[in-house]
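>>> The following comprises the amino acid sequence and a computationally predicted model.
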Amino acid sequence: MAEFPRLPHSGIRVVIVGAGFAGLTAAIECDRKGHEVILFEKSPELAPLGDIISFGQNSSRFFSKWPGVWEALEPIIHKSEEVKFYDWLGRYATTQSFAKEHREWGPRVNGHRGEIHQILYRHALARGVDVRLGHNIVNYFETEDAAGVETADGQRFTADVVLAAEGVRSRGRKLVLGFEDKPQPSGYAVFRTWYPSDKLLESDKTRHLVANGDSHVAWIGQDVHFLAAAIKDGREMSWVCTHKDEGDIEENWQFPAKLEDVLRVVDGWDPVVLELVRATPPDRLFDYKLVFRDPLPTFISPKARTALIGDAAHPFLPTSIQGASQAMEDGVVMAACLDRAGKGKVQEAVRVWEHIRYERVHKIQATGISTREQWHKADWDAIWRDTDSLHLKREAWVLDFDSEADTYASYDGIRDQLFSGETAS
């Protein structure tokens with residue numbers, strides 16, 4: 001097994017439930033900080049599924065801290081430094097360049113979710129993280145001195161702290177909130193796909209999107225937007241189409257979709273968009289219902305031994321372009337808080353972690369709604385007077401931010417603020 005830089009053993013035991021980006025980041029960072037980790041995942045295998053996912057500079061900076069990860073990512077990520085905007089009829093509006101922010105803040109990472117996830121998973125295994133697949137967690141519990149989980153086959157595992165990272169249906173939410181809650185439909189859904197670009201090269205309408213390397217294009221319509229990204233030097237294409245939808249999400253929120261359903265949504269649009277849809281292999285098309293939850297009053301359990309991280313705490317709309325990044329920040333900050341507090345003050349660490357994360361997460365969550373409204377409620381008379389109004393907000397307080405350094409810099413002040421007049425357990 002390769003040797004990885006890590007701090008001395010802290011004696012802190014951490015159980016993590018869910019091996020998505022929140023769980024894997026928390027596991028890697030806890031291992032890096034010298035904590036002992038067990039990571040449980042319900043799925044018996046982690047197949048490279050999904051389509052495009054984005055990581056801002058605030059999270060992509062961590063990839064370079066994990067030996068070998070950036071080198072594995074670099075060949076598979078999107079290389080374009082701009083996005084071209086059109087209206088739904090195909091009339092060019094504006095180009096937004098990301099070159100300056102890349103120079104000043106570092107690279108962002110866009111790529112296939114499953115491929116990036118596999119790289120992080122392999123890195124966690126290479127570090128020696130104890131990853132246990134095929135373990136369905138059915139219950140969470142805690143005392144003043146420990147927290148734990150119970151598997152479907154009756155096994156119980158305890159630790160100093162448990163991180164619930166298994167998404168919007170996390171069973172950990174009941175322990176934290178004191179009641180069962182259900183995700184609600186947001187009123188929108190996303191058609192999404194990823195496929196080889198061979199057919200696109202054969203068409204006069206779409207060849208320009210893939211023939212000259214990576215590209216990124218957006219079409220903005222009334223309550224619909226369509227984003228297409230060519231990747232891997234134009235060899236593969238991903239597109240997403242956000243549209244109005246009131247579908248039921250009682251049990252599932254991802255379904256196979258039909259090409260005719262997409263074509264109905266974009267009827268009368270730019271022929272380039274229609275060609276992108278028609279070139280989509282039917283078995284590669286999905287309809288993903290966007291869910292939301294009201295902001296939680298807390299991310300942590302009453303005894304501060306269990307914390308919700310990632311989508312379990314704060315599901316993001318895709319238009320925030322920060323869901324995965326904020327999930328990663330959760331894990332990074334928790335590992336650093338535990339390091340700063342030490343074995344005897346785990347509950348202090350969890351409370352400081354929540355204070356650090358709560359306001360930042362909810363401010364960034366709100367940007368997903370504002371960006372969606374910026375596009376979906378677009379006044380095109382006004383846009384033609386100021387086409388830059390279509391540009392994505394790329395703000396330094398979100399992106400030019402190192403959550404690990406910020407945690408170490410702010411920990412003592414927040415601890416003193418939270419525990420003035422009392423002794424933290």
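Sure, I can see it.
>>> any low-confidence regions in the stretch 1-150 of the chain?
Counting by pLDDT under 70, the stretch 1-150 of the chain contains low-confidence ranges at 1-2.
>>> hey, where'd the helices end up in it?
Taking DSSP state H, counting those that start in this stretch as the criterion, the stretch 1-150 of the chain carries its helices at 21-32, 57-63, 69-73, 99-105, 113-127.
>>> and the closest residue to Gly111 other than its chain neighbours, how many neighbours?
Setting aside the residues directly before and after it, Gly111 is nearest to Ile77 in space (C-beta to C-beta, 6 or more residues apart in numbering), at 4.3 Å. Glycine gets a C-beta too; all of them are placed from N, C-alpha and C. Counted by other C-beta atoms under 10 Å, the residues lying close to Ile77 total 22.
>>> what's the answer for the one 4 residues further on, then?
Taking other C-beta under 10 Å as the criterion, the count of residues near Glu81 is 17.
>>> okay if I get the helices of the stretch 1-150 of the chain as a markdown table plus mean neighbour count?
Below are the helices of the stretch 1-150 of the chain laid out as a markdown table (neighbours: other C-beta atoms under 10 Å):
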| stretch | mean neighbour count |
| --- | --- |
| helix 21-32 | 27 |
| helix 57-63 | 24 |
| helix 69-73 | 17 |
| helix 99-105 | 13 |
| helix 113-127 | 19 |
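>>> Make CSV out of those and add distance to Ala189.
Conversion of these to CSV gives the following (distance: least, C-beta to C-beta, whole Å):
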stretch, distance to Ala189
helix 21-32, 22
helix 57-63, 25
helix 69-73, 29
helix 99-105, 30
helix 113-127, 18
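>>> how near is Ile369 to Pro295?
As judged by C-beta to C-beta, to the nearest Å, Ile369 and Pro295 stand 12 Å apart.
>>> next one: Glu36
Per C-beta to C-beta, Glu36 is found 32 Å from Pro295.
>>> of the two, who's got more company?
Using other C-beta under 10 Å, the more surrounded residue of Glu36 and Pro295 is Glu36, with 17 against 12.
>>> Would you check that my belief about the more buried one contacting Arg6 is correct?
No - applying C-beta atoms under 8 Å as the test, Glu36 and Arg6 come out as separate, 11.3 Å apart.
>>> Ok, which of the helices of the stretch 1-150 of the chain comes nearest Arg278?
The closest of those to Arg278 is helix 113-127. By C-beta to C-beta, the value is 24.1 Å.
>>> where does the stretch 201-350 of the chain dip in pLDDT?
Residue ranges of the stretch 201-350 of the chain with pLDDT under 70: 246-253, 292-293.
>>> Helices of that one, start to end?
For the stretch 201-350 of the chain, helices defined by DSSP H, counting those that start in this stretch occupy the ranges 207-210, 259-265, 271-278, 323-341, 346-376.
>>> Let me know which of the ones you listed is tucked in deepest.
Of those, the one with the most neighbours on average (mean count of other C-beta atoms under 10 Å) is helix 323-341, at a mean of 27.
>>> name the helices or strands packed onto it?
helix 21-32, strand 52-55, helix 57-63, strand 161-164, helix 346-376, helix 403-419 (3 or more C-beta pairs under 8 Å, 6 or more residues apart in numbering; DSSP states H and E).
>>> Alpha carbons only: can I get stretch 352-365 in PDB?
C-alpha atoms of stretch 352-365 as PDB (Å, rounded to 0.1, in the frame of the first residue of the first chain):
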ATOM      1  CA  VAL A 352     -18.200  24.500  15.800                       C
ATOM      2  CA  TRP A 353     -18.500  22.700  12.400                       C
ATOM      3  CA  GLU A 354     -22.200  23.500  12.200                       C
ATOM      4  CA  HIS A 355     -21.600  27.200  13.000                       C
ATOM      5  CA  ILE A 356     -19.000  27.400  10.300                       C
ATOM      6  CA  ARG A 357     -21.100  25.700   7.700                       C
ATOM      7  CA  TYR A 358     -24.700  26.700   8.300                       C
ATOM      8  CA  GLU A 359     -24.800  30.300   7.100                       C
ATOM      9  CA  ARG A 360     -22.400  29.800   4.200                       C
ATOM     10  CA  VAL A 361     -24.300  26.800   2.900                       C
ATOM     11  CA  HIS A 362     -27.700  28.500   2.900                       C
ATOM     12  CA  LYS A 363     -26.400  31.700   1.300                       C
ATOM     13  CA  ILE A 364     -24.900  29.600  -1.600                       C
ATOM     14  CA  GLN A 365     -28.100  27.400  -1.800                       C
END
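>>> Now do it: distance to the chain's middle.
Computed by C-alpha atoms, centre = their mean, to the nearest Å, the chain-centroid distance of stretch 352-365 equals 15 Å.
>>> got it, and stretch 351-362?
In terms of C-alpha atoms, centre = their mean, the centre of stretch 351-362 is found 17 Å from the chain centre.
>>> Now it: average pLDDT?
In this model, stretch 351-362 carries a mean pLDDT of 97.
>>> which other residues reach that stretch?
295, 298-300, 304, 307, 313-314, 326, 329-330, 333-334, 337, 340-341, 406-407, 410-411, 414-415, 417-418, 424 (C-beta atoms under 8 Å, 6 or more residues apart in numbering).
>>> I'm done for today, thanks for sticking with me.
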